[in-house]
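>>> quick check, what structure comes out for this input:
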Amino acid sequence: MGDLKVDPGEIYMSAGVARAIGEDFAKPCQAVATASHTAVGQLAGWSVAARLGQVADGWAPVLLSVGDRLKKTADNLTATAQAYRSNEHANVEVWHKQKIGEAWEKPGQ
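Prediction:
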């Protein structure tokens with residue numbers, strides 16, 4: 001059976017990457033949604049305007065949610081790292097209070 005080692009620092013770094021990607025995606029996604037709706041207005045009276053409007057309305061929520069989903073992912077990763085650190089600190093406190101470490105080092109006493 002393998003060992004599982006969790007490094008909260010790595011999880012925090014992953015959260016930072018997810019947050020940065022979300023912020024990078026937010027601006028171009030907003031620009032696409034805005035440009036699409038602007039084009040619909042400029043094409044009023046043309047047959048393609050209605051179809052472009054449908055496409056823009058369909059994709060805008062998806063594009064605009066990408067940044068939010070990545071931010072939520074970053075928040076969840078941060079919470080996970082904090083939970084691991086809290087758990088480690090709680091375990092250390094229990095070991096110190098109950099002197100488990102000493103009994104572990106000197107078996108049979």
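>>> so where's the longest helix in the protein?
Longest helix of the chain, by residue count under DSSP state H: helix 47-98.
>>> distance of the closest residue in space to residue 55 that isn't next to it in sequence from residue 48?
The spatially closest residue to residue 55, leaving aside those adjacent along the chain, is residue 36, at 7.1 Å (C-beta to C-beta, 6 or more residues apart in numbering). From N, CA and C alone the C-beta is placed, and that goes for glycine too. As judged by C-beta to C-beta, to the nearest Å, residue 36 and residue 48 stand 12 Å apart.
>>> give me the mean pLDDT for whichever helix or strand residue 18 is part of.
Element membership for residue 18, per DSSP states H and E: helix 8-42. Average pLDDT, helix 8-42: 92.
>>> and it, what other elements does it pack with?
In this structure, helix 8-42 makes packing contacts with helix 47-98, judged by 3 or more C-beta pairs under 8 Å, 6 or more residues apart in numbering; DSSP states H and E.
>>> what angle sits between the helix it packs on and helix 8-42?
Here helix 47-98 runs at an angle of 160 degrees relative to helix 8-42 (axes from the mean of the first three to the mean of the last three C-alpha atoms, to 10 degrees).
>>> show me what contacts residue 54?
Taking C-beta atoms under 8 Å, 6 or more residues apart in numbering as the contact definition, residue 54 lies against nothing.
>>> show me the residue sitting in the middle of this protein in space.
residue 73 (1.7 Å; C-alpha atoms, centre = their mean).
>>> my guess is it contacts residue 18. True?
Yes - counting by C-beta atoms under 8 Å, a contact exists between residue 73 and residue 18, whose distance comes to 4.7 Å.
>>> okay, now residue 13: neighbour count?
Counted with other C-beta atoms under 10 Å, residues neighbouring residue 13 total 13.
>>> separation between it and residue 38?
Distance from residue 13 to residue 38, counting by C-beta to C-beta: 38 Å.
>>> repeat for residue 18
When C-beta to C-beta is applied, the distance between residue 18 and residue 38 equals 30 Å.
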